[in-house]
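S.K.: could you work out the structure for the sequence below:
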Amino acid sequence: MDAESKETPAASPAPAPVAATGAPGERGAKATALLSTLLGHLGVTAEVQAVESGDAITLRVTVTAGGEAVGLVEPRAPLWEPIAYLIGKMMTRDPERRCSVSLDTGGQTAIGAPLPAALVEEPDEELLKLGRFVAERAKQVGKVLVVGPMGSRERKAIHLAVKDVGGVTSRSEGEGAARRVLVVPDKLAPPPTQPDGV
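M.R.: All right, here's what the predicted structure looks like:
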């Protein structure tokens, strides 16, 4: 058997094309490429447009073909949630370049888009009280106070409460389950001084 008569194995089919539109920045382009690759491997043809706003990236997706086979066309399709989660995790592997990623699929589903008022979960009143108390205390003592670690919903409630109290700001810090809220007064107390000759 000579080299010319050998049969080569059939190549696996290429992922379906996904058109990327818009003019995203570097992070938006990376998120678009990740989503395009993932949808292509599912055999879905879609148009993807990245919209960047600060540390947030919204990927607007319009499925044009193949979505029926994998369940990506009905409203609030359950598969969009894990896809959004995977893209978000891949985009935030570098803590220096942390950003949030959401998917907006228009009439098909809306991950990361505002929910109707009837479906918005109100923050826990106890957490709001805690947030206000910590904010007032941080102003009184002039020091940064730490709340947590806690989950994202709890952190959000603390941030909302702190925003209502003037003279302080808040920010999240840490990774994963160790993420916590720092409440920072606008006027920090001066550091203690040591007596001369010590």
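S.K.: and stretch 177-189, how far apart are its ends?
M.R.: For stretch 177-189, the first-to-last residue distance is 30 Å (Cα to Cα, to the nearest Å).
S.K.: quick one: distance of that stretch to the chain centre.
M.R.: When C-alpha coordinates are averaged (Cα atoms, centre = their mean, to the nearest Å), stretch 177-189 and its chain have centres 21 Å apart.
S.K.: which parts of that stretch are buried?
M.R.: 179-183, 185 (16 or more other Cβ atoms under 10 Å). Yep, even glycine has a C-beta here, placed from its N, CA and C like the rest.
S.K.: let's test this: mean pLDDT of that stretch, rounded?
M.R.: For stretch 177-189, mean pLDDT rounds to 87.
S.K.: how many other residues sit next to residue 39?
M.R.: 24 (other Cβ atoms under 10 Å).
S.K.: for residue 162, grab phi and psi.
M.R.: Backbone dihedrals for residue 162, given as degrees, to the nearest 10, come out at phi -70, psi -40.
S.K.: if we can go back for a sec, reformat the buried residues of stretch 177-189 as a markdown table; add secondary structure and distance to residue 163.
M.R.: Formatted as a markdown table, these follow (DSSP: H, G, I helix; E, B strand; the rest coil; distance: Cβ to Cβ, whole Å):
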| residue | secondary structure | distance to residue 163 |
| --- | --- | --- |
| 179 | coil | 18 |
| 180 | strand | 17 |
| 181 | strand | 12 |
| 182 | strand | 14 |
| 183 | strand | 11 |
| 185 | strand | 14 |
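S.K.: can you put those residues in CSV and add distance to residue 191?
M.R.: Formatted as CSV, these follow (distance: Cβ to Cβ, whole Å):
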residue, distance to residue 191
179, 27
180, 23
181, 23
182, 18
183, 19
185, 14
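S.K.: from residue 38, how far out is the spatially most central residue of the chain?
M.R.: In the chain, the residue lying closest to the centroid (Cα atoms, centre = their mean) is residue 100, at 2.4 Å. Noted for residue 100: a distance of 18 Å to residue 38, by Cβ to Cβ, to the nearest Å.
S.K.: for residue 159, same thing?
M.R.: Taking Cβ to Cβ, one finds residue 159 at 31 Å from residue 38.
S.K.: next: residue 105.
M.R.: 14 Å.
S.K.: what about those two, which has more around it?
M.R.: residue 105 (24 against 16).
S.K.: how near is the closest residue to the more buried one other than its chain neighbours to residue 157?
M.R.: Among residues not flanking residue 105 along the chain, residue 61 sits closest, at 4.7 Å (Cβ to Cβ, 6 or more residues apart in numbering). From residue 61 across to residue 157, the span is 30 Å (Cβ to Cβ).
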